[in-house]
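Participant: Curious how this folds, go ahead:
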Amino acid sequence: MPATFESFGIKFLYPDNWKEIERPEDEGSDGVTLELPTGGFFSLEKEREGQPISEIIDEVADSIAEDYDEIEREEVSLPEALPDEKSIDFRFYYLDLLIVSRLIILLAGDTTLILQLQAESRNFDDNELVFAAILKQIRESL
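Facilitator: A predicted model of the protein is given here:
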């Protein structure tokens, strides 16, 4: 039986073996981070400050670069993307593992949603259909 996330006007189902990570109070309630059993995570945040997309992307890139020497960055086109949707794949190595971190920014009226999907490349590939199903539910709820 899948688990359900429902908050701040967004609802989606996700695998029940994914674990919701408790959020610190200073992060507010407009987001969720789900940990995959194989390592990696799915994160959804509602952006509140009206930040331009380019600044959000640069902040994520800078955050990753602080911890990892070299990162590759590539814009990707996802199926069924919304008109104002932006998707970037970051790739970097941790130990001997290639990590894929996909950043998706969705604009819907006054709402900006920031999704980040991150896992070791084989686990990312294994979960890509699940990520796509969740993304479809989120798009439909906007």
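Participant: ok now the helix or strand where residue 113 lies, how far from the chain's centre?
Facilitator: Element membership of residue 113 [criterion: DSSP states H and E] is strand 111-120. Here the centre of mass of C-alpha atoms in strand 111-120, compared against the chain's by Cα atoms, centre = their mean, to the nearest Å, lies 1 Å away.
Participant: CA atoms only for that strand - export them in PDB, please.
Facilitator: Output in PDB follows, covering the C-alpha atoms of strand 111-120 (Å, rounded to 0.1, in the frame of the first residue of the first chain):
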ATOM      1  CA  THR A 111       3.800  29.100  -6.500                       C
ATOM      2  CA  THR A 112       7.300  27.800  -7.200                       C
ATOM      3  CA  LEU A 113       8.000  24.200  -6.200                       C
ATOM      4  CA  ILE A 114      11.600  22.900  -6.000                       C
ATOM      5  CA  LEU A 115      12.100  19.200  -6.300                       C
ATOM      6  CA  GLN A 116      15.400  17.400  -5.900                       C
ATOM      7  CA  LEU A 117      15.800  13.700  -6.600                       C
ATOM      8  CA  GLN A 118      19.200  12.300  -5.700                       C
ATOM      9  CA  ALA A 119      20.700   8.800  -5.600                       C
ATOM     10  CA  GLU A 120      23.700   6.800  -6.800                       C
END
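Participant: which stretches of the chain form helices?
Facilitator: Counting by DSSP state H, the chain forms helices over residues 53-67, 121-141, given from the N-terminal end onward.
Participant: how about those helices in CSV, adding mean neighbour count, mean pLDDT and distance to residue 88?
Facilitator: In short, each C-beta sits where N, CA and C put it, glycine included. Putting the helices of the chain into CSV (neighbours: other Cβ atoms under 10 Å; pLDDT from 0 to 100; distance: least, Cβ to Cβ, whole Å) gives the following:
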stretch, mean neighbour count, mean pLDDT, distance to residue 88
helix 53-67, 13, 91, 6
helix 121-141, 16, 94, 14
